[in-house]
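In: Only the shape, not the letters, is given here:
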């Protein structure tokens, strides 16, 4: 019975995710589901991305958090539309939550919607929320063993961002080993090495986003 | 109905957790549930703790991971008994998994069992597994906003370990703010600042464990 209920939950979620995807497609919006551990740097990456791209793309953010509005406040300071979802302790966003947030956005006025999921490398990987693609952010301070320890999110993602490379030399992170493992899990993945604090690697990441938006407009 | 099933799952888990706790108590073992994000440094903390305490305490580790044995191999290299639990993608340990692992340990020959939960700051906080206490490990590279963003685990924990302080000066982590927030969430919590790489702060942490074991023996 418990398995049946889990299938019902996933089935309902997938149906709503398909609806969300249709709505994004009707508005020619590229929707990205951004996933990573607590403190991997998702929100800082978003802040830098918005600052770099706001002349080129019309961007909105949907922020998933357990309780607080801290991240949404940071995005709002960059003059981008932002909708906060509080999961009240729930460990991932689901498609119904995202559908409600989408209703509060002026979708006709957007090219790119980035949905920052709850800080968690496990559960968010299991739930589609209507995105075109997933991207995973891994801070190099988390260790080079993490791709093999949390393989699903790397398999599911179209892009992986290895963040905080400015402090690489103060850690024992083996970049070659991490890259190897990520490419074993996902040969086609686009890999970016960034320091959101120093600005390194952000141009390549932003080009990837611009290409994804251009593809969606075709 | 979904709520009912969730209550059933939690109810069954709590019943098994109470059983596990009785077994630990009968053997005068202090059992610690160690929780933190991927890459917070839980396994390295365990390696250093075992190295420091193995003359004083008989320690075993139960390792929770999604798929791999990487962490268990690291513990085994320190000559401590270690049992690996693979959750096959599950985002937290539960009391039934821990009960099975306990059967593989010689409980008469142990003082301290540390259970390293799956790397996740959300779901493990919600499931008791038969521990005496929870401890949370937060890497300072994750950011000082994390206690308020993930409050449950800080409220539930008897100890908090702020790890990787050797690279504090390369981050924008505000120690005063983090300590303030942690003490607001949990006024009685024991707080440790450690660098598992350099060895800082480990004596205080190990003293806390030794006291906890001594209390359990009374």
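Out: Arrived safely. Keep in mind that this is a model prediction, so the values were computed, not measured.

In: make it CA atoms for all contacts and neighbour counts henceforth
Out: OK.

In: Could you report the neighbour count for the nearest residue to residue A:32 once chain neighbours are set aside?
Out: Excluding its sequence neighbours, the residue lying closest to residue A:32 (Cα to Cα, 6 or more residues apart in numbering or on different chains) is residue A:114, at 4.8 Å. For residue A:114, the neighbour count with other Cα atoms under 10 Å in any protein chain shown is 20.

In: try the one 4 residues further on
Out: Using other Cα under 10 Å, residue A:118 has 27 other residues around it.

In: Is it part of a helix or strand, or is it coil?
Out: With DSSP: H, G, I helix; E, B strand; the rest coil as the basis, residue A:118 sits in coil.

In: I'd say it and residue A:33 touch.
Out: No. Residue A:118 sits out of contact with residue A:33 when judged by Cα atoms under 8 Å, with a separation of 10.5 Å.

In: Which helix in chain A has the most residues?
Out: Counting residues, the longest helix found in chain A (DSSP state H) is helix A:2-26.

In: Please identify the buried residues of that helix?
Out: Buried residues in helix A:2-26, counting neighbours by 16 or more other Cα atoms under 10 Å in any protein chain shown, are found at A:10, A:13-21, A:23-24.

In: just stretch A:119-130 next, same as before
Out: Residues A:119-125, A:128-130 are the ones in stretch A:119-130 that count as buried (16+ other Cα under 10 Å).

In: ok, and which of those residues reach chain B?
Out: A:120-123 (Cα under 8 Å from any Cα of the partner chain).

In: Dump those residues into CSV; add pLDDT and secondary structure as well.
Out: Below are these laid out as CSV (pLDDT from 0 to 100; DSSP: H, G, I helix; E, B strand; the rest coil):
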residue, pLDDT, secondary structure
A:120, 95, coil
A:121, 95, coil
A:122, 94, coil
A:123, 94, helix
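
In: Which residue ranges of chain A form strands?
Out: Secondary structure of chain A by DSSP state E: the strands cover A:30-36, A:59-65, A:82-86, A:112-116, A:133-139, A:159-163, A:190-193.

In: For chain B, see how far away residue A:54 is.
Out: When distance is defined by Cα to the nearest Cα, to the nearest Å, residue A:54 is 26 Å away from chain B.

In: Let me know how buried that residue is, in neighbour terms.
Out: 13.

In: Equivalent analysis for residue A:80, please.
Out: 18.

In: what's the pLDDT at the closest residue to it other than its chain neighbours?
Out: Nearest non-adjacent residue to residue A:80, counting by Cα to Cα, 6+ apart: residue A:60, 5.7 Å away. Residue A:60 is assigned 98 on the pLDDT scale.

In: these two touch, right, residue A:60 and residue A:79?
Out: No. Judged on Cα under 8 Å, residue A:60 makes no contact with residue A:79 at a distance of 9.5 Å.

In: Those two: who's more crowded?
Out: residue A:60 (25 against 13).

In: List the contacts of the more buried one.
Out: A:80-82, A:105, A:110, A:112-114 (Cα atoms under 8 Å, 6 or more residues apart in numbering or on different chains).
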